[in-house]
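> Provided below are the primary sequence and the corresponding predicted coordinates.
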Amino acid sequence: KNKVHNFKVVLLGEGCVGKTSVIIRYVEERFDEKHVSTLQAAFKSKRLNLNGTRVNLSLWDTAGQERFHALGPIYYRDADGAVLLYDVTDEDSFTRVKNWVKELRTMLGHDICMCIVGNKVDLERSRVVAAEDAEQYAKSVGAKHYLTSAKLNKGIQELFSDLTQWMVEK
Ligand code: GTP
């Protein structure tokens, strides 16, 4: 009952979709307009208490730039959860998510809890990826779908608490 669960969560997705921003919003409760490309990967940890269950999340922020793609396995290999992020104003970033899904399913099967996340929903007017399409796709691959804005702090708490709950139950 007093056990602390340790889970590793990896964030994957194209450069500039907001992986660092989502983590910084969640862990440090702030937002930065500047884009600083993550090189290789960065790590943050977050403790939470989910209805009495203590959890320690290790959040791995990976580099989105294509030249770092081959490093992916180092970070997702032993992960319990994956957050596959796309930018709702960028169709290519959604295609990139689909590629990550294929790679993760091939390498890890169904051992990993996958969340597909459309970030930047505050840019509603520039939206090109329809929520229903993303939702349906996620369902078809056994993933859950969320919409977030790191800028406006929308959907981020819910994303990580749902994912944590899922990992606890698994
Ligand atoms: P790489 O490290 O290159 O892979 O990028 P990343 O995916 O970590 O993206 P990052 O968090 O650095 O964000 C990229 C840019 O998008 C920055 O200028 C952020 O301020 C901006 N951004 C992130 N999240 C949001 C959001 O929810 N809404 C808006 N409007 N901009 C955002």
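Noted; the coordinates are in hand.
> next, the contact list for residue 127, please.
88-89, 121 (C-beta atoms under 8 Å, 6 or more residues apart in numbering). C-betas here are computed from N, CA, C, even on glycine.
> possible to save the residues you listed as JSON lines with neighbour count?
Supplementary listing: the contacts of residue 127 in JSON lines, determined by neighbours: other C-beta atoms under 10 Å:
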{"residue": "88", "neighbour count": "26"}
{"residue": "89", "neighbour count": "18"}
{"residue": "121", "neighbour count": "20"}
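> partners of residue 50 in the sheet?
residue 53 (DSSP bridges).
> wait, doesn't it sit right on residue 169?
No. Checked against C-beta atoms under 8 Å, the pair residue 50 and residue 169 is beyond contact range at 10.6 Å.
> what about the two, which has more around it?
Neighbours were counted for residue 50 and for residue 169 using other C-beta atoms under 10 Å; residue 50 has more, 13 against 7.
> quick one: contacts for the residue of the chain found nearest the ligand?
Using C-beta to the nearest ligand atom, the single residue of the chain nearest to the ligand is residue 64, 2.5 Å away. By C-beta under 8 Å, 6+ apart, the residues touching residue 64 are 13-17, 19, 37-38.
> now these as a markdown table including neighbour count, pLDDT and secondary structure?
Listed next are the contacts of residue 64 as a markdown table, based on neighbours: other C-beta atoms under 10 Å; pLDDT from 0 to 100; DSSP: H, G, I helix; E, B strand; the rest coil:
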| residue | neighbour count | pLDDT | secondary structure |
| --- | --- | --- | --- |
| 13 | 25 | 97 | coil |
| 14 | 22 | 97 | coil |
| 15 | 17 | 96 | coil |
| 16 | 16 | 97 | coil |
| 17 | 28 | 98 | coil |
| 19 | 29 | 98 | helix |
| 37 | 11 | 93 | coil |
| 38 | 18 | 92 | coil |
